[in-house]
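K.L.:
Pasted the sequence and its predicted model underneath.
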Amino acid sequence: MFAGIVETHSKCITAENQNEILRFSVQRPGLFDDIKNGDSIAVNGVCLTLEKFTDTEMQFCLGVESLKILSWTPEFLKTKPLNLERSLRLGDRIHGHLVSGHVDSVGKIIRSVM
């Protein structure tokens, strides 16, 4: 579960399609000093599993089902900063909402007022 509040921003370092999956790495923020492999981290609001990390990078993977719904490409990931949020821990104060970070459905924008 997540609070839905962006903790920090990061940028994509590498991103490539590999056999129907999209694997990418982002710069590891300094405040993410308590992470471990398998942690859930929201990237632009999407709950992803941390595959591996170093002192400077974090690696994630998007599978076939996620890519059917999301329009993420290597080019998209490298375009702008990515919003990051670590999952909540039981007992932590919640300064937002409770959100799962899982995509439940897809909508279509029919009008935008800018």
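P.N.:
Cool, the structure landed.

K.L.:
So, low pLDDT: which residues of the protein?
P.N.:
Scanning the chain for pLDDT under 70 picks out no residues.

K.L.:
ok, the residue nearest in space to the middle of it to Lys108 distance?
P.N.:
Computing the C-alpha centroid of the chain and ranking residues by Cα atoms, centre = their mean puts Val43 first, at 1.5 Å. Relative to Lys108, Val43 is positioned 23 Å away (Cβ to Cβ, to the nearest Å). (C-beta placed from N, C-alpha, C; glycine too.)

K.L.:
neighbours around Asp33, how many?
P.N.:
For Asp33, the tally of surrounding residues (other Cβ atoms under 10 Å) stands at 8.

K.L.:
what secondary structure does it sit in?
P.N.:
State at Asp33, reduced to three classes by DSSP: H, G, I helix; E, B strand; the rest coil: coil.

K.L.:
Next up, phi/psi of it, please.
P.N.:
As for Asp33, its main-chain torsions (degrees, to the nearest 10) stand at phi -100, psi 0.

K.L.:
what about it, distance to Met1?
P.N.:
Distance, Asp33 to Met1, by Cβ to Cβ: 21 Å.

K.L.:
hmm, back to that, residues in contact with the residue nearest to the centre of the chain?
P.N.:
With contact set as Cβ atoms under 8 Å, 6 or more residues apart in numbering, Val43 has these partners: 26, 60, 82-84.
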